[in-house]
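> no FASTA, just this:
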């Protein structure tokens, strides 16, 4: 009996040891010296309130006064809470079942309408939040897009992937899916289906500028609504340019090796680009980095680094998305956890 | 003891089905399996050797479970393998910087979280089978697994 118990313990320890060794040697970038330092110059984001509504939210898609509109993975369901996070209501949209619509879509609220766009389903849906009624437009172009931002109810900027060449390019599109403008030499023609230089696209309504923050390199690409390049900047981790590879599969193109994302969620607020970084700086403590989400700030005008701050995790989970709902208030989302932060620049 | 033998039989059959299914699905779609291993942050450097040895080990474990003389060894290997798989999925979910698509077959319909629960259950099943075997204290020699289980159930 003792022999068997000992064998069970040995097997458990052996498995734990192997897994520990694999975990230590996987080269995660937040465990290495990444060759840059962060400046924590007094900006703070203090957690005021944390709630769990029992639903998993993917994004805050808009705000109207005190009302906040949240989306989960179901495109026919919009959640509405308040800036005090004191209740949750559900708005049901009259969206028929459309193949491949969910969960790959984005939503933007320009009250009283919600605009839902999906590359997989090739649909642009305008929904009236007061009645739930919808107007559905089929996007006429071939090819797909990885990113999209709404400039206004008639214009979107998308990062289009040509289905023949597999090159990525930024385009300006109208509400019917007609392409109005195509970029001129902003994106590299790599035939990579947009993977190698994938990222997040943000729009600053005040300056009319868009910034594309790259996931796998330290690039910040800025252009205007006429899709003309303004500048190419870098995040502060310029010494850590990570490359990944793509390959063909039976169903298309995909990443061949696990890509190391240098950044996560990004937003623009009041002329500042806020970038959630996944890289630990050389002057950071491992424990502090692990227990918080670090946000780097950049000036939208020229990409200049402005400093960094931490946002506390929500019950141990990183804040995955964050949005300014007031000049001094940030809403943080982490799946089913919602946090309200007091922001002091 | 009869009840224990029935449980041991059922657990063994479950694992035989699991390992045969897992091993064959990896071998029949070897290219995809190796490719998916290469996209795992933990296994990318070991994709080649694992792609060959893992399905063979799974099928070998299934064979060990069939025969009475080697069943305990099969249960121990099943327990160890499920410990590794469970720990791997936990690490992928909570510590990995990239989570690729999950494995093939029916289990690919499970989310990573569901797969974790599935693996925990089977890890505990394997441990339970080992404990029952130890408590039995003796081996049923020379009788194939299905006959044992059927004979014990007929006596009920």
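Everything's here; your move. All values reported here derive from a predicted model rather than from experimental measurement.
> what about residue A:238, neighbour count?
13 (other Cβ atoms under 10 Å in any protein chain shown). (C-beta placed from N, C-alpha, C; glycine too.)
> Grab the nearest non-local neighbour of it.
For residue A:238, ignoring the flanking residues on the chain, the nearest one in space by Cβ to Cβ, 6 or more residues apart in numbering or on different chains is residue A:218 at 5.3 Å.
> Report whether residue B:80 is found in a strand, as I expect.
No - applying DSSP: H, G, I helix; E, B strand; the rest coil, one finds residue B:80 to be helix, outside a strand.
> And it, how far from chain A?
5 Å (Cβ to the nearest Cβ, to the nearest Å).
> Could you report the separation of that residue from residue B:46?
Residue B:80 is 17 Å from residue B:46, where distance means Cβ to Cβ, to the nearest Å.
> cool, and residue A:22?
From residue A:22 over to residue B:46 (counting by Cβ to Cβ), the distance is 9 Å.
> The two: which is more packed in?
For residue A:22 and residue B:46, the more surrounded residue by other Cβ under 10 Å is residue A:22, and the numbers stand at 19 against 14.
> And what about the more buried one, helix, strand or coil?
Per three-state DSSP, the local secondary structure of residue A:22 is helix.
> Now it: closest residue in space that isn't a chain neighbour?
residue B:42 (4.5 Å).
> what does residue B:44 give?
Nearest non-adjacent residue to residue B:44 (Cβ to Cβ, 6+ apart): residue B:38, at 5.3 Å.
> What values do phi and psi take at that neighbour?
Taking degrees, to the nearest 10, you get phi -70, psi -20 for the backbone angles of residue B:38.
> what do you get for the one 10 residues further on?
The phi and psi torsions at residue B:48 (degrees, to the nearest 10) take the values phi -60, psi -60.
> now for whichever strand or helix holds residue B:54, which elements pack on it?
Assessed by DSSP states H and E, residue B:54 sits inside helix B:47-66. For helix B:47-66, the packing partners by 3 or more Cβ pairs under 8 Å, 6 or more residues apart in numbering or on different chains; DSSP states H and E come out as helix B:2-28, helix B:30-38, helix B:68-94.
> what does chain A have sitting close to chain B?
Residues of chain A lying close to chain B (Cβ under 8 Å from any Cβ of the partner chain) are A:1, A:4, A:7-8, A:11-12, A:14-16, A:18-19, A:22-23, A:26-30, A:247, A:249, A:255-261, A:278.
> Those residues, buried ones only, as a PyMOL selection?
Those of those that count as buried under 16 or more other Cβ atoms under 10 Å in any protein chain shown are selected in PyMOL with:
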select buried, chain A and resi 8+11+15+19+22+23+26+28+29+30+255+256+257+258+259+260+261+278
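> In helices only, show me the residues of chain A next to chain B.
Judged by DSSP state H, the residues of chain A next to chain B include A:4, A:7, A:8, A:11, A:12, A:14, A:15, A:16, A:18, A:19, A:22, A:23 as members of helices.
> I'd say the first one and residue B:127 touch.
By that I understand residue A:4. No - under the criterion of Cβ atoms under 8 Å, residue A:4 makes no contact with residue B:127, lying 11.0 Å away.
> sorry, back to before: what distance do you get for the residue nearest to residue A:22 to residue B:115?
If you go by Cβ to Cβ, the gap between residue B:42 and residue B:115 works out to 15 Å.
> And the residue of the stretch 201-345 of chain A found nearest chain B, what's its pLDDT?
Closest approach between the stretch 201-345 of chain A and chain B, counting by Cβ to the nearest Cβ: residue A:258, at 4.0 Å. With respect to pLDDT, residue A:258 scores 82.
> how far away is it from residue B:41?
Using Cβ to Cβ, one gets 4 Å for the distance from residue A:258 to residue B:41.
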